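Participant: need the 3D shape of this:
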Amino acid sequence: MTRSLAVVFACCAALAMPVMFLVSCSDDDGDEHAGGHDDDHGDGGDDHDKQDVGPPSGAKCPTNSTLTYGNFGEAFCKDYCLRCHSENVKGAQRMNAPPDHNFDTLAEIDLLSRHIDQMAAAGDSHVNETMPLSIPKPSLDERKKLGEWIACGLKE
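Facilitator: Down below sits the predicted model:
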């Protein structure tokens, strides 16, 4: 009887592990984040952009690219990203954007450029349209330019 009880306990423990993992990945009140956002990227360290959040766009950097932060990236972020992804936006207005996913500066964009590509850019492999969640949304041409700018290394 003791051996049977031990087997039952071991099976229950094995089944409980995934449940405990899922609970630990939710926010403080147990709600899942809506709208494709996730906040399990740690403390903003160097691992911030390593986990895939979608397919890469496959955008390439053409040798004649002229896209820069000044003539494209800053306006793109202002028009489509900063309404949720800014340190100046708080609470429900962020639409569940993680608090450490801000695109107020080129440095912050660079930190999350892989995620931005996987959520909003277009390229040879994929058109990513997860972001932004609300209108206005970028055109296909703007998404292609975003992919190109990221592929070219986010020129300033």
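Participant: residue ranges for the helices of the chain, please.
Facilitator: 2-24, 74-80, 106-111, 113-120, 140-151 (DSSP state H).
Participant: Asp124 against Ala59, yeah?
Facilitator: Yes - using C-beta atoms under 8 Å, Asp124 is in contact with Ala59, at 6.8 Å. Where C-beta positions appear, they are placed from N, C-alpha and C, glycine not excepted.
Participant: and these two? Which one has more around it.
Facilitator: It is Ala59, of Asp124 and Ala59, that has more neighbours when counted by other C-beta atoms under 10 Å, with 24 against 12.
Participant: if I look at the more buried one, how far off is His85?
Facilitator: 20 Å (C-beta to C-beta, to the nearest Å).
Participant: same question for Pro62.
Facilitator: Per C-beta to C-beta, Pro62 is found 27 Å from His85.
Participant: kindly report the same for His101.
Facilitator: Noted for His101: a distance of 5 Å to His85, by C-beta to C-beta.
Participant: flag the shaky bits of this protein, pLDDT-wise.
Facilitator: Scanning the chain for pLDDT under 70 picks out the ranges 1-50.
Participant: let's go with 50 and repeat that
Facilitator: Within the chain, the ranges that satisfy pLDDT under 50 run 1-46.
Participant: so Ser86 makes contact with His101?
Facilitator: No - between Ser86 and His101 there is no contact under C-beta under 8 Å: 9.8 Å.
Participant: looking at the two, which has the bigger crowd around it?
Facilitator: A count of neighbours by other C-beta under 10 Å puts His101 above the other of Ser86 and His101, at 22 against 19.
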